[in-house]
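Colleague: mind looking at a prediction? Sequence and model below.
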Amino acid sequence: MRYVSAVPVPQPRAESATPVDSSRRSLAAALFLGAVGATVVLLASGRIWAEGTAAVGGGTVPLDADGSDVTGVPTALAIVGLAALVAVFAVRRAGRLLVSALLALSGAGAALAAFLGASDSAALGAKAARTTGDTAATVDALSHTVWPYVTVAGSLLILLAGLLALRYGKRWPAMSGRYERDGTPRPRKAPVVDPDRPEDLWKALDRGEDPTGAA
């Protein structure tokens, strides 16, 4: 009779995430955050940020100012951020580091400008002066909406995308597919010459090749 020893068989351990998987996740996260953040900033900057009224001829007229009236900085920096997000994949090494820093700074600058504009009343005061024709006109019932803070939130997403690019961008692939990872060009296959097609023979001669295949 044979006896079977009760030796436990080691079970394979779950492999931890590889650097390639981590690189892909960070790349997808940066693309998503940057694109969503820029979209939010562009949309929220076109919404009404401040409202009020101005006295005209014994009555009142409603006034409002959207984000572009208050400050054009978030919109401009959101566009710069989108361009930087695309450019991250077109450059390498030091260039990628600089573009990633530009992406992060675009988000930080847009967030700061939107936060400062959340309590701005100058844009509405300028509208009151134009509407009433009185440079000393004042704005009554002044109120601010939530859209400046939505712009801040979108800007912070751009900032986060830039920070991810700074941290993991060196592992991300570049857009060019003609080069291997070491930077050397991939060998190109020589075109096939059909001896029965005169145009192929002429093209081979133009390239300085022997269409007959003779050594």
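Modeller: Good, I have the coordinates.

Colleague: CA only for contacts and neighbour counts going forward, please
Modeller: Will do.

Colleague: the closest residue to Ser119 other than its chain neighbours pairs with what?
Modeller: Among residues not flanking Ser119 along the chain, His144 sits closest, at 6.9 Å (CA to CA, 6 or more residues apart in numbering). Beta-bridge partners for His144, by DSSP bridges, are Ala50.

Colleague: right, and His144 touches Arg47 too?
Modeller: No. His144 is beyond contact range of Arg47, at 11.4 Å (criterion: CA atoms under 8 Å).

Colleague: would you map the helices across this protein?
Modeller: Per DSSP state H, the chain carries helices over the ranges 19-44, 67-70, 73-87, 93-117, 122-132, 147-168, 198-206.

Colleague: closest one to Gly59 among those?
Modeller: Closest to Gly59 of the helices of the chain, according to CA to CA: helix 122-132, at 11.0 Å.

Colleague: low-confidence ranges in this structure?
Modeller: The chain contains residues with pLDDT under 70 at 1-21, 174-215.

Colleague: quick one: residues contacting Gly46.
Modeller: By CA atoms under 8 Å, 6 or more residues apart in numbering, the contact list for Gly46 reads Asp66, Gly67, Ser68.

Colleague: of those residues, just say which sits nearest to Val139.
Modeller: Asp66 (15.5 Å).

Colleague: if I look at that closest one, how far off is Pro148?
Modeller: Applying CA to CA, to the nearest Å, the value for Asp66 to Pro148 is 9 Å.

Colleague: again, but for Phe115
Modeller: Between Phe115 and Pro148 the computed distance is 7 Å (CA to CA).

Colleague: give me the number of residues near the nearest residue to Gly162 once chain neighbours are set aside?
Modeller: Leaving out its chain neighbours, the residue that sits closest to Gly162 by CA to CA, 6+ apart is Ala104, at 4.0 Å. Residues near Ala104, counting by other CA atoms under 10 Å, number 27.

Colleague: same check on Arg130?
Modeller: Arg130 has 12 neighbours, counted by other CA under 10 Å.

Colleague: which one (most neighbours) among the contacts of Gly46?
Modeller: Gly67 (27 neighbours).

Colleague: the closest residue to Gly117 other than its chain neighbours: what's it in contact with?
Modeller: Computed as CA to CA, 6+ apart, the closest residue to Gly117 that is not its neighbour in sequence is Val70, at 6.3 Å. Applying CA under 8 Å, 6+ apart to Val70 gives the contacts Trp49, Gly117, Asp120, Ala122, Ala123.

Colleague: got a winner among the residues you listed for most neighbours?
Modeller: Trp49 (29 neighbours).

Colleague: thought it was touching Asp66?
Modeller: Yes. The criterion here is CA under 8 Å, and Trp49 meets it with Asp66 at 5.0 Å.

Colleague: of Phe115 and Pro148, who's got more company?
Modeller: Using other CA under 10 Å as the criterion, Phe115 and Pro148 rank with Pro148 on top: 29 against 17.

Colleague: the more buried one reaches Ala114, doesn't it?
Modeller: Yes. The pair Pro148 / Ala114 is scored as a contact, 5.5 Å apart, by CA under 8 Å.
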